[in-house]
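Peer 1: Return atomic coordinates for the entry below.
(chains A, B, C and D)
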Number of protein chains: 2
Amino acid sequence: MPDEHHPDHAPLELENFLPYRLSILSNAVSQAIADDYQRRFDLSMTEWRVMAVLARFEGLSAREVAERTLMDKVAVSRALAKLVETGWVTRAIHDGDKRRSVLGLSEAGWAIHEVVAPMAREHERNLLSKLDDEERTWLLRILDKLQAIEPK
Amino acid sequence: MPDEHHPDHAPLELENFLPYRLSILSNAVSQAIADDYQRRFDLSMTEWRVMAVLARFEGLSAREVAERTLMDKVAVSRALAKLVETGWVTRAIHDGDKRRSVLGLSEAGWAIHEVVAPMAREHERNLLSKLDDEERTWLLRILDKLQAIEPK
DNA sequence: GCGTTATAGTTACATATGAAACCATTTGCA
DNA sequence: TGCAAATGGTTTCATATGTAACTATAACGC
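Peer 2: Next up is the predicted model:
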């Protein structure tokens, strides 16, 4: 427990309030990356995330994409509509279940992926380069612990 | 540098991609808090942030609120419109500069603050309780370092 | 088999958000 | 002074996002 004990009703110091700090940092980082591929490919963050999971898992359904990206199904549906439209994602109908779609990256989609994935990694590398080895280790460990809980 | 070196073009593993993890964690945390005061007071996150800085700094102008919350001035303008409307924030005109407003919490605003600030702190405490002392120390240190850079 | 319930996905609507245009006032400077 | 440029703040418009309703298909219980 912290030494200096603020009374609970005292004004909150946003700049020292953990949720706020996380939010600012996270937005800055994600936005910096998104700006990059948005400008170059007119690709939104949700769209990119959909492409990223389809690159790893060929043939997912829309619901499975939603699960893997933690986005809701409406967001996925919209992202897919646009991605299929632009021809970066292919969509077929599952044999044996006509409700399900079977999704994957097209040739063109893979080409985009080949550009964007390295960009994203580069941003991550750049961020991690601000930390030393010890700090990197702790950060991952701390994230593991915090995330083990939150997604109740 | 990590041992296992993924080729840059390999599919991104979202669940191990730092910016994505930050974003998921941050959203989960902020949303949990916001849900709380949203439900009880119909107060949005931006509105609460405005109230929080006004609790600390009496008499700020809208622009200064925007600076302190890192929100853009349109968002602040809208939040203020609602907060003044509901009577939780007072707005006067600066003497000597009729463009500036002079903002502060009203009695009612302070009363809300007295309820919400402890709620927020409680959430933060709860989050930090998942970590031990050593981890907490590292976390703060790491956030300091990462934030020193990003807000270019 | 057949009606009920559940599931995959889309559409509609209402609200939130951001960028740019806009007013009013103030500042800088010839 | 007086006029161009800057600043505080609001409004407008276009886009994004979330919730709920809806369509089509499939699964379940009898």
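
Peer 1: could I get stretch A:50-70 in CSV with only the CA atoms?
Peer 2: Output in CSV follows, covering the C-alpha atoms of stretch A:50-70 (Å, rounded to 0.1, in the frame of the first residue of the first chain):
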residue,chain,number,x,y,z
VAL,A,50,-9.5,-8.9,-38.8
MET,A,51,-6.8,-9.3,-41.5
ALA,A,52,-4.3,-10.2,-38.9
VAL,A,53,-6.3,-13.1,-37.5
LEU,A,54,-7.2,-14.3,-40.9
ALA,A,55,-3.5,-14.4,-41.8
ARG,A,56,-3.0,-16.8,-38.9
PHE,A,57,-6.2,-18.8,-39.1
GLU,A,58,-7.4,-19.6,-42.5
GLY,A,59,-11.1,-20.4,-42.8
LEU,A,60,-12.5,-18.8,-39.7
SER,A,61,-16.1,-17.8,-39.5
ALA,A,62,-17.1,-14.3,-38.7
ARG,A,63,-18.0,-15.3,-35.2
GLU,A,64,-14.6,-16.9,-34.6
VAL,A,65,-12.9,-13.7,-35.9
ALA,A,66,-14.9,-11.8,-33.4
GLU,A,67,-13.8,-14.1,-30.6
ARG,A,68,-10.2,-13.9,-31.5
THR,A,69,-10.1,-10.1,-31.9
LEU,A,70,-12.4,-9.4,-28.9
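
Peer 1: Is there contact, residue-wise, from it to DNA strand C?
Peer 2: Yes: on the criterion C-beta under 7 Å from any atom of the strand, stretch A:50-70 is in touch with DNA strand C at A:61-64. For the C-beta atoms, the positions are set from N, CA and C on the backbone; glycine is no exception.

Peer 1: Which residue ranges of chain A form helices?
Peer 2: A:18-41, A:45-56, A:62-69, A:73-86, A:107-128, A:133-149 (DSSP state H).

Peer 1: so the first one versus helix B:133-149, what angle?
Peer 2: What that stands for is helix A:18-41. Put simply, helix A:18-41 runs at 40 degrees to helix B:133-149, going by axes from the mean of the first three to the mean of the last three C-alpha atoms, to 10 degrees.

Peer 1: quick one: contacts for the residue of chain A found nearest DNA strand D?
Peer 2: Closest contact between chain A and DNA strand D, by C-beta to the nearest atom of the strand, is at residue A:98 (3.5 Å). For residue A:98, the contact set (C-beta atoms under 8 Å, 6 or more residues apart in numbering or on different chains) is empty.

Peer 1: Compute the number of surrounding residues for the closest residue in space to residue A:124 that isn't next to it in sequence.
Peer 2: Excluding its sequence neighbours, the residue lying closest to residue A:124 (C-beta to C-beta, 6 or more residues apart in numbering or on different chains) is residue B:18, at 5.1 Å. Residue B:18 sits with 19 neighbouring residues when counted by other C-beta atoms under 10 Å in any protein chain shown.

Peer 1: Residue B:18 and residue A:129 touch, don't they?
Peer 2: No: the pair formed by residue B:18 and residue A:129 falls short of the contact definition of C-beta atoms under 8 Å, at 11.7 Å.
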